[in-house]
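Q: need the 3D shape of this:
(chains A, B, C and D)
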Number of protein chains: 4
Amino acid sequence: MYKTKPIHGCDMPAEHPLRVLVLNGSLKHAPEISNTEEVAQLVLEQMAEHATLDSEIIRLSDCNIPVGLGFRESPDDDWPDIVAKIKAADIVLFATPIWWGGRSSLMQRTIERLDALDEEYIASGRSALYNKVAGIVITGSEDGALSTMGTIMMVLTFMGFTLPPECACYWVGEVGFPPSEDRAKRLKNPAVPHMASNMARNLVWYAQLLHVHPLETRVQTGA
Amino acid sequence: MYKTKPIHGCDMPAEHPLRVLVLNGSLKHAPEISNTEEVAQLVLEQMAEHATLDSEIIRLSDCNIPVGLGFRESPDDDWPDIVAKIKAADIVLFATPIWWGGRSSLMQRTIERLDALDEEYIASGRSALYNKVAGIVITGSEDGALSTMGTIMMVLTFMGFTLPPECACYWVGEVGFPPSEDRAKRLKNPAVPHMASNMARNLVWYAQLLHVHPLETRVQTGA
Amino acid sequence: MYKTKPIHGCDMPAEHPLRVLVLNGSLKHAPEISNTEEVAQLVLEQMAEHATLDSEIIRLSDCNIPVGLGFRESPDDDWPDIVAKIKAADIVLFATPIWWGGRSSLMQRTIERLDALDEEYIASGRSALYNKVAGIVITGSEDGALSTMGTIMMVLTFMGFTLPPECACYWVGEVGFPPSEDRAKRLKNPAVPHMASNMARNLVWYAQLLHVHPLETRVQTGA
Amino acid sequence: MYKTKPIHGCDMPAEHPLRVLVLNGSLKHAPEISNTEEVAQLVLEQMAEHATLDSEIIRLSDCNIPVGLGFRESPDDDWPDIVAKIKAADIVLFATPIWWGGRSSLMQRTIERLDALDEEYIASGRSALYNKVAGIVITGSEDGALSTMGTIMMVLTFMGFTLPPECACYWVGEVGFPPSEDRAKRLKNPAVPHMASNMARNLVWYAQLLHVHPLETRVQTGA
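A: Residues are numbered from 1 along each chain as shown, chains lettered A, B, ... in the order given. Modelled structure (predicted):
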């Protein structure tokens, strides 16, 4: 997957400040360092080379997101605020660690709760997520990034997101080494900044392009 | 996943005839009916409502695609011709049946052989598949479409394809019924034409948009 | 997957009352009907034809299982009690609905929290889960059972569980129909009781066999 | 996944010479070194510490296994001979490299062709694979072992195989390094022999146990 020659430049569409939201599904609470968040930050830094960003990272472990399928599951449910931020964003990064081969319970909870948005799509006939671009960030001590990424991409396309080429960045280590060594290895790994660079360029480019030329669907009447 | 209200119209970018290639990984040989091919044809019909198409379906089971990772594995290897058609296409549909939860051995063989293209990317620093749009078609007697689809999307994004919203169309049946009834059920299923319609519109729209506004990457020298 | 001829009898090892624990990852709270729980109950009924059972179903949505990787994450954490029940069980059923192709956030949380048990394995050199038999129950409105099942089997084998033949039972429907019709279709589906019957017989048989002939590993010293 | 303290001994059931078949889905032809085969050989060596083995490795890339779902697809089809060897084995190892996150096209072909055995199960009411134990061996330059393994385990359980605890052994490397370095890293990796040791012990133990105490199912008449 790792491409050895970096590709930097592209002829960006006319610049527009971009709102970027990162949903970090790490199991760790702030301020503990999250490997996943550090890779997401690297992608944000690379994106900032191409556009003015207005970005926010939500640490899901520090939010109250109860189990359920409604839009608001309890009076102190943080989910409606998160939905408002997703709807306001141009680019959304879905960032998750891998636990036993799958996305974290917090990322899965987020996807379950997004189901209410999807039902809005069914009711309205138009996805609120059209013309938004999605990216994926994954870290794991070993194994599972490509599988986890694919299962998230499948969800995102049906929800209405656009997935540019190379829309992901990940780090996974060799099987059998202590997780305590992960961060040091990741920081030295040349594939991570390479993927982050391509991903950032493409996310910005497609977001700018869709800002200027949005997919404008019309709901047919009398169908 | 099934959206009940069809969305038909969109303001398409200036029309350009589109070359569409379907890679059908069915295990059946022509002229035996392939469920997967019939769904792909439905998507082609829907795409033809939005653009002039120049389309071709390759039944992989009738090609000679030897195992291996080279560009040409034997003198009668059909793969180099298939690569030429992929490179000439604006839109490529990856169409596969599900066998025991996974993409068919023919679709997997195709992905293995695409690896040589990917190595070209590493050597040249630029994907030959940028600005091409990909779609996915899947059929199975029961279960496995979403998982199979995700694993293919992961490959396609790293290879350089663009994945529009709702870039897939599939049919899977209820667990426990004879495969001989699949086709009749599929032909009556309202979700399939609905997905085909959205997918077709979005594939055409993004292909047109990228034709007019291609991602033009420049390989940096001296990096 | 559906086998049309039921196989009922087998020469069971000498009977021993079996403790069976069901972990139900449904997103619904009791007393709302859980499709997943109903299938698990069917498996329990079938198991009761072969052995005296002492069974319990835990509705995870009604437990307090905080995010984290420790053994006890908060004073009111229900996880330590669940671990005690897992350790006391002969057979554990992992039962989950499918949401967007994956196990529920509650089943994923359970797997994340089981990680502390796995670390106990690393420290002690012996899995507390050896000689326990696991089964899997999955329901989904459409698609995802086989994939979800495989990802859980992978976790269970490394944790030390034994997986008998046909260790799973599931229901998934045809793509594109309203979830409100799921239960009625499932109750008429002939594959579900057939899988439940084979699964129940095999879970009981292997649990009895391992009770009489346990895998007795000895931790080597001086390694 | 890697357990740091090795567990060697177990009280094996009365010894019985075991027939072991390895199906190697490497894309490479003999005599080229297959990483996957080397790991399978390590497992065989470890098994030989516990029992007298009669083992064979089939390099699938050097067989003629045409696409299709019949028992014999052409006069020179090697599949019927492979089936005979599977039926004669006590233990079958499914060994595959990872290509773009999935099992190789040769392993997928094997699973597709096994479908005819499964149909025999449907017709006869009894799996020819009951009382056989399965193991899984996987190697990949980076990522995909756990996912690939789970998707194979799902197939094997429904086909009638028994899956002992820790029934798999794999190697995957850190993302972003050249595949040419894989073998050297794998040979130094401590997790691989550890997994091979546990897997070998458990495969032998369960095969011996099922030899002495087979699951003897009776097909009920008049059901």
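
Q: in the helix of greatest length in chain A, which residues are buried?
A: Determined from DSSP state H, the single longest helix within chain A is helix A:191-212. By 16 or more other C-beta atoms under 10 Å in any protein chain shown, the buried positions in helix A:191-212 come out as A:191-211. Bear in mind the C-beta positions are built from the backbone N, C-alpha and C, glycine included.

Q: filter these by proximity to chain B?
A: A:201-202, A:205-206, A:209 (C-beta under 8 Å from any C-beta of the partner chain).

Q: coming back round to it: can I get the longest helix of chain A in CSV, CA atoms only?
A: Extracted in CSV, the C-alpha atoms of helix A:191-212 (Å, rounded to 0.1, in the frame of the first residue of the first chain):
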residue,chain,number,x,y,z
ALA,A,191,4.4,5.3,5.5
VAL,A,192,2.2,7.2,8.0
PRO,A,193,3.2,10.8,6.9
HIS,A,194,3.1,9.6,3.3
MET,A,195,-0.4,8.4,3.6
ALA,A,196,-1.4,11.5,5.6
SER,A,197,0.0,13.7,2.9
ASN,A,198,-1.9,12.1,0.0
MET,A,199,-5.0,11.8,2.1
ALA,A,200,-4.9,15.4,3.2
ARG,A,201,-4.4,16.7,-0.4
ASN,A,202,-7.2,14.6,-1.7
LEU,A,203,-9.7,15.4,1.0
VAL,A,204,-9.1,19.1,0.6
TRP,A,205,-9.2,18.9,-3.2
TYR,A,206,-12.5,17.0,-3.3
ALA,A,207,-14.1,19.2,-0.6
GLN,A,208,-13.2,22.3,-2.5
LEU,A,209,-14.4,20.8,-5.7
LEU,A,210,-17.8,19.8,-4.2
HIS,A,211,-18.1,23.3,-2.6
VAL,A,212,-17.9,24.8,-6.1
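
Q: distance from the chain centre to that helix, please.
A: 12 Å (C-alpha atoms, centre = their mean, to the nearest Å).

Q: now it against helix B:191-212, angle please.
A: Angle between the axes of helix A:191-212 and helix B:191-212 is 90 degrees (criterion: axes from the mean of the first three to the mean of the last three C-alpha atoms, to 10 degrees).

Q: close to chain D, is helix A:191-212?
A: Yes: judged by C-beta under 8 Å from any C-beta, helix A:191-212 comes into contact with chain D at A:191-192, A:194.

Q: can you redo the residues you listed as TSV with distance to chain C and pLDDT?
A: Converted to TSV, the residues of helix A:191-212 next to chain D look like this (distance: C-beta to the nearest C-beta, whole Å; pLDDT from 0 to 100):
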residue	distance to chain C	pLDDT
A:A191	25	97
A:V192	24	98
A:H194	29	96
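
Q: just put these in JSON lines and tack on distance to A:Y130.
A: Output for those, formatted as JSON lines (distance: C-beta to C-beta, whole Å):
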{"residue": "A:A191", "distance to A:Y130": "32"}
{"residue": "A:V192", "distance to A:Y130": "30"}
{"residue": "A:H194", "distance to A:Y130": "30"}
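
Q: tell me the one of those nearest chain B?
A: A:H194 (10.5 Å; C-beta to the nearest C-beta).

Q: neighbours around A:A40, how many?
A: 27 (other C-beta atoms under 10 Å in any protein chain shown).

Q: which SS class is it?
A: helix (DSSP: H, G, I helix; E, B strand; the rest coil).

Q: isn't it up against A:L93?
A: Yes: using C-beta atoms under 8 Å, A:A40 is in contact with A:L93, at 5.6 Å.

Q: on that earlier part again, can you redo the ones next to chain B among the buried residues of helix A:191-212 as a markdown table with pLDDT?
A: What follows is those, written out as a markdown table (pLDDT from 0 to 100):
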| residue | pLDDT |
| --- | --- |
| A:R201 | 96 |
| A:N202 | 97 |
| A:W205 | 96 |
| A:Y206 | 97 |
| A:L209 | 95 |
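
Q: closest to chain C among those residues?
A: A:Y206 (23.0 Å).

Q: which residues are in contact with the closest residue to that closest one other than its chain neighbours?
A: Computed as C-beta to C-beta, 6 or more residues apart in numbering or on different chains, the closest residue to A:Y206 that is not its neighbour in sequence is A:P164, at 4.2 Å. Taking C-beta atoms under 8 Å, 6 or more residues apart in numbering or on different chains, we find A:P164 in contact with A:133, A:135, A:202-203, A:205-206, B:157, B:162.

Q: ok, now with 7 Å
A: Residues in contact with A:P164 (C-beta atoms under 7 Å, 6 or more residues apart in numbering or on different chains) are A:133, A:202-203, A:206, B:162.

Q: following the helix-or-strand element of chain A with minimal mean pLDDT, which helix or strand comes up?
A: Lowest mean confidence among the helices and strands of chain A (mean pLDDT, DSSP states H and E): strand A:7-10, at a mean of 48. Later in the chain than strand A:7-10, the nearest helix or strand by DSSP states H and E is strand A:18-24.

Q: ok and that following strand relative to helix A:191-212, angle-wise?
A: Using the same axes, to 10 degrees, strand A:18-24 lies at 130 degrees relative to helix A:191-212.

Q: who touches strand A:18-24?
A: Counting by C-beta under 7 Å, 6+ apart, A:34, A:36-37, A:40, A:44, A:47, A:51, A:53-60, A:85-86, A:88-95, A:110, A:204, A:207 sit against strand A:18-24.

Q: show me the residues you listed that map onto strands.
A: A:53-59, A:91-95 (DSSP state E).

Q: circling back: quick one: which of the residues of helix A:191-212 next to chain D is nearest chain D?
A: Nearest to chain D out of the residues of helix A:191-212 next to chain D is A:A191 (C-beta to the nearest C-beta; 2.6 Å).

Q: which residue packs closest to the closest one, ignoring adjacent ones?
A: D:G176 (2.6 Å).

Q: surely the one you found is in a helix?
A: No: with three-state DSSP as the criterion, D:G176 is located in coil rather than a helix.

Q: now do it against D:R19, distance only.
A: 41 Å (C-beta to C-beta, to the nearest Å).

Q: give me the more crowded residue out of these two.
A: Just comparing D:G176 and D:R19: by other C-beta under 10 Å the higher neighbour count belongs to D:G176, 20 against 16.

Q: now that one: how far from chain B?
A: Separation of D:G176 from chain B (C-beta to the nearest C-beta, to the nearest Å): 12 Å.

Q: before we move on, back to that, which of the contacts of strand A:18-24 are buried? Put it as a PyMOL command.
A: Those of the contacts of strand A:18-24 that count as buried under 16+ other C-beta under 10 Å are selected in PyMOL with:
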select buried, chain A and resi 34+36+37+40+44+47+51+53+55+57+58+59+60+86+89+90+91+92+93+94+95+110+204+207
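
Q: thank you, goodbye.
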